[in-house]
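S.K.: Curious how this folds, go ahead:
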Amino acid sequence: MPERTVACQGVDLHVVEEGSGPPVIFAHGFPELAHSWRHQLPAVAAAGYRAVAPDQRGYGKTSRPHRIEDYDITHLVGDLIALLDDLGEQKAIFVGHDWGSMVAWHTALLHPDRVAGVCGMSVPFQPRTPIPPTEAMRARFAGSFFYILYFQQPGVADADLGADPEKTMRRLLSGVHTDVDSPGGLVSADDGRGFVERFPEPAALPDWLSQAEFDFYAAEFRRTGFTGGLNWYRNFDRNWERTPQLEGARVEVPSFFIGGAADPVLAGVSPSTQEQWLTDHRGNVLVDGAGHWVQQEAPDEVNAVLLRFFESVRRDEVTA
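M.R.: Numbers count the residues shown, from 1 in each chain. Presented below is the predicted three-dimensional model:
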């Protein structure tokens, strides 16, 4: 697939794209890369769309600014809008996974005129909280280890995840699944362990991940470390402070949600809670057997659902 660099907001975005037609922009999560969409881009391009996936700021071959505040939601959304401008298009469908879902949802909130449709994966839409997010998390998970709070202190999680990137990626890509015999990597007893040690060492890579695909991830994070992606988490409260206008805001554009039925993230945030905030919601699909990395674990099922959603949006655009 063709690769290029797009300069925007002081960073150089590394972009992979394929196809022509109405644009679809894919936003990956943590800790992932544009590589996470390797199964989607060819299928979406073959269906008549221009499929575009950046390594988002802090990841892969894209720039990694040093300041934590350079990773707030304004910058993350701004990167996707700048990429859309570079494509010479007024609108795109935005698809996000994990943290990329949060960026995609916020793109629809902050720039609805630039969004033809939005699909979140693994992280449902969540409305603005009445208090700063980490304050709410500390109250909810008092006395427990919670990964987002662990990620807040600069340097701590960076050293933990970066000590052995191969082990980190192997355990994360194999272990964020409710069927895995794990002591709990996301929420568990506050017993002094770090993040990586809370995930079991797998006997082998999962069936959906080849050795070459894993090696690509491992090599990139060995080269870059994890600080860029962790800095996204360190902006939860800053994002809240910078977007008071989103109090009570709803997503007005066509929306869809896809998750893995065995994703432990959805045990804490049910997709059913989002629908009152999505005024043109066109469905939720939970893929049986899939965990958190749903678009990689079940690409055929995810691609079929995505294309049905894209076609419904396309019909609306044609008849509008």
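S.K.: I'd say residue 208 and residue 297 touch.
M.R.: Yes - proximity of residue 208 to residue 297 meets the contact threshold set by CB atoms under 8 Å, at 4.7 Å. To be clear about C-beta, it is placed using only N, CA and C from the backbone, and glycine gets the same treatment.
S.K.: more neighbours, these two?
M.R.: residue 297 (23 against 15; other CB atoms under 10 Å).
S.K.: where's residue 131, which helix or strand?
M.R.: Using DSSP states H and E, residue 131 falls within no helix or strand.
S.K.: and it, how far is that from residue 187?
M.R.: 20 Å (CB to CB, to the nearest Å).
S.K.: the more surrounded of these two?
M.R.: residue 187 (16 against 10).
S.K.: Tell me who's in contact with that one.
M.R.: Taking CB atoms under 8 Å, 6 or more residues apart in numbering, we find residue 187 in contact with 141, 144, 145, 146, 147, 268.
S.K.: What's the separation between it and residue 275?
M.R.: Counting by CB to CB - residue 187 and residue 275 are separated by 25 Å.
S.K.: Could you pick out which of the contacts of residue 187 are located in strands?
M.R.: 144, 145, 146 (DSSP state E).
S.K.: What is the neighbour count of the last one?
M.R.: This means residue 146. Quick note: residue 146 (other CB under 10 Å) scores 18 neighbours.
S.K.: Now it: closest residue in space, sequence neighbours ignored.
M.R.: residue 187 (5.4 Å; CB to CB, 6 or more residues apart in numbering).
S.K.: can you give me phi and psi for the one you found?
M.R.: phi -130, psi 130 (degrees, to the nearest 10).
S.K.: With residue 55 instead?
M.R.: phi -70, psi 120.
S.K.: Please enumerate the strands of this structure.
M.R.: Under DSSP E, the chain gives strands at 3-8, 11-18, 23-27, 50-55, 92-97, 115-121, 144-146, 187-189, 251-260, 278-287.
S.K.: I'd like a version of those in TSV, one that adds distance to residue 42 and mean pLDDT as further columns.
M.R.: Compiled in TSV, the strands of the chain are given as follows (distance: least, CB to CB, whole Å; pLDDT from 0 to 100):
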stretch	distance to residue 42	mean pLDDT
strand 3-8	14	94
strand 11-18	6	97
strand 23-27	12	98
strand 50-55	8	98
strand 92-97	15	98
strand 115-121	18	98
strand 144-146	37	94
strand 187-189	36	87
strand 251-260	18	98
strand 278-287	19	97
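S.K.: and the ones you listed as TSV, adding distance to residue 244?
M.R.: Output for the strands of the chain, formatted as TSV (distance: least, CB to CB, whole Å):
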stretch	distance to residue 244
strand 3-8	25
strand 11-18	26
strand 23-27	24
strand 50-55	28
strand 92-97	23
strand 115-121	21
strand 144-146	25
strand 187-189	29
strand 251-260	18
strand 278-287	21
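S.K.: Of all the ones you listed, which one comes closest to residue 318?
M.R.: strand 115-121 (11.3 Å; CB to CB).
S.K.: Which elements pack onto that closest one?
M.R.: strand 92-97, helix 99-110, strand 251-260, helix 299-319 (3 or more CB pairs under 8 Å, 6 or more residues apart in numbering; DSSP states H and E).
S.K.: Packed most tightly, which of the ones you listed would that be?
M.R.: strand 92-97 (a mean of 28; mean count of other CB atoms under 10 Å).
S.K.: Compare the strands of the chain and give me the one nearest residue 179.
M.R.: Closest among the strands of the chain, once you apply CB to CB, is strand 251-260, at 10.5 Å.
S.K.: Which neighbours in the sheet does the closest one have, and how are they oriented?
M.R.: strand 115-121 (parallel), strand 278-287 (parallel) (DSSP bridges).
S.K.: Can you tell me which of those is most buried?
M.R.: strand 115-121 (a mean of 27).
S.K.: Dump it to PDB, restricted to CA.
M.R.: Provided in PDB are the C-alpha atoms of strand 115-121 (Å, rounded to 0.1, in the frame of the first residue of the first chain):
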ATOM      1  CA  VAL A 115     -18.000  13.900   9.300                       C
ATOM      2  CA  ALA A 116     -20.200  11.900   7.000                       C
ATOM      3  CA  GLY A 117     -20.400   9.000   9.500                       C
ATOM      4  CA  VAL A 118     -18.600   7.700  12.500                       C
ATOM      5  CA  CYS A 119     -17.900   4.100  13.700                       C
ATOM      6  CA  GLY A 120     -16.400   3.300  17.100                       C
ATOM      7  CA  MET A 121     -14.800   0.000  17.900                       C
END
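S.K.: Residue numbering should commence at 27 henceforth.
M.R.: Sure, I'll start counting at 27 from here, so that last one is strand 141-147.
S.K.: and the angle from that strand to strand 49-53?
M.R.: 30 degrees (axes from the mean of the first three to the mean of the last three CA atoms, to 10 degrees).
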